[in-house]
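1. would you be able to build a 3D model of this:
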Amino acid sequence: MKDLALLEYLEGFISENRKQRFIEVLANRTKHFTIAVEDVYQMHNTSAVMRSCEVFGIQELNIIEQKYSKTIDKQIALGAEKWVDINEFSSNKLCIDALRKRGYQIIATTPHDESCFLHEFDITKPSALFFGTEKEGLSEDVMNNADGFLKIPMVGFTESLNISVSAAIIIQDLTNRLRNSSINWQLTENEIIDKRLDWTRKTIKDIDFIESRFNEK
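-> Modelled structure (predicted):
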């Protein structure tokens with residue numbers, strides 16, 4: 001298998017500690033849940049959501065940019081963009097359709113009357129959790145196409161939280177419950193090899209030259 005041979009070759013250019021760290025982190029990564037953020041005007045919030053995905057082990061973040069075209073705030077993300085896979089979509093429909101084809105149910109995070117409380121949410125189904133704009137919440141497109149609704153229990157006067165705070169609370173709770181369950185939530189062997197290869201490439205200086213030497217063999 002060429003990818004495995006290339007990985008073994010490239011890992012010779014990184015430290016054993018770095019190699020083992022990649023293996024340890026990937027053992028806790030999941031695609032059982034994925035996160036989608038819709039037209040978030042303040043890009044630092046998307047960057048903060050990405051950071052929460054990375055910290056709590058969500059491998060993929062889906063960004064919908066129907067209205068705003070922004071770039072990741074690397075100062076907020078603190079390098080998370082290197083370790084989280086980002087899928088960009090130009091419309092809600094494209095994102096929803098793509099995630100459904102991959103077997104995800106669409107879950108709208110909203111203080112909706114029909115929403116399920118976070119601690120009651122069924123974690124057994126692969127789910128795409130959608131977060132909306134700071135002021136307007138999720139669009140009608142997402143709300144009308146949602147398979148379910150999810151909300152954080154709150155007991156104060158304030159009715160909503162900042163998107164980055166909401167995402168952090170939900171991601172931490174669900175991934176913690178997932179790891180304490182009997183659900184097969186881990187990445188597949190091939191996905192782990194692909195990410196080890198990707199992360200190793202991102203770590204090595206002059207990677208193009210080093211890979212060209214491998215290909216010449």
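2. now for this protein, the helix or strand with the poorest mean pLDDT.
-> When each helix and strand of the chain is scored by mean pLDDT, DSSP states H and E, helix 74-77 comes last, with a mean of 42.
3. give me the contacts around stretch 121-132.
-> Contact with stretch 121-132 is made by 31-40, 49, 62, 99, 102-110, 116, 138-139, 142, 146, 150, 163, 166-167, 170-171, 174, 177-178, 181, 183, as judged by Cβ atoms under 8 Å, 6 or more residues apart in numbering. Any C-beta I mention is one placed from the backbone N, CA and C, and that applies to glycine too.
4. buried ones among those?
-> Buried members of the contacts of stretch 121-132, counted by 16 or more other Cβ atoms under 10 Å: 31-40, 49, 62, 99, 104, 106-110, 138-139, 142, 146, 150, 163, 166-167, 170-171, 174, 178.
5. take those and keep only those in strands.
-> Using DSSP state E, the subset of the buried ones among the contacts of stretch 121-132 located in strands is 33, 34, 35, 36, 37, 38, 62, 106, 107, 108, 109, 150.
6. now tell me which of the residues you listed the prediction trusts least.
-> Checking pLDDT across those, the minimum falls on residue 38 at 85.
7. residues touching the closest residue to it other than its chain neighbours, list them.
-> For residue 38, ignoring the flanking residues on the chain, the nearest one in space by Cβ to Cβ, 6 or more residues apart in numbering is residue 64 at 4.7 Å. With contact taken as Cβ under 8 Å, 6+ apart, residue 64 is in contact with 36, 37, 38, 39, 89, 90, 91, 92, 95.
8. save these as JSON lines, and put in distance to residue 13 too.
-> Formatted as JSON lines, the contacts of residue 64 follow (distance: Cβ to Cβ, whole Å):
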{"residue": "36", "distance to residue 13": "35"}
{"residue": "37", "distance to residue 13": "35"}
{"residue": "38", "distance to residue 13": "40"}
{"residue": "39", "distance to residue 13": "41"}
{"residue": "89", "distance to residue 13": "35"}
{"residue": "90", "distance to residue 13": "37"}
{"residue": "91", "distance to residue 13": "41"}
{"residue": "92", "distance to residue 13": "42"}
{"residue": "95", "distance to residue 13": "37"}
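9. so which of those comes closest to residue 195?
-> residue 36 (20.3 Å; Cβ to Cβ).
10. any stretches of the protein with poor pLDDT?
-> Under the criterion pLDDT under 70, the flagged ranges of the chain are 1-2, 39-43, 66-80, 113, 134-135.
11. quick revisit: after the least confident helix or strand of the chain comes which helix or strand?
-> Note on helix 74-77: by DSSP states H and E, the next helix or strand toward the C-terminus is strand 85-89.
12. so what angle separates the directions of that following strand and strand 33-38?
-> For strand 85-89 against strand 33-38, the angle by axes from the mean of the first three to the mean of the last three Cα atoms, to 10 degrees is 40 degrees.
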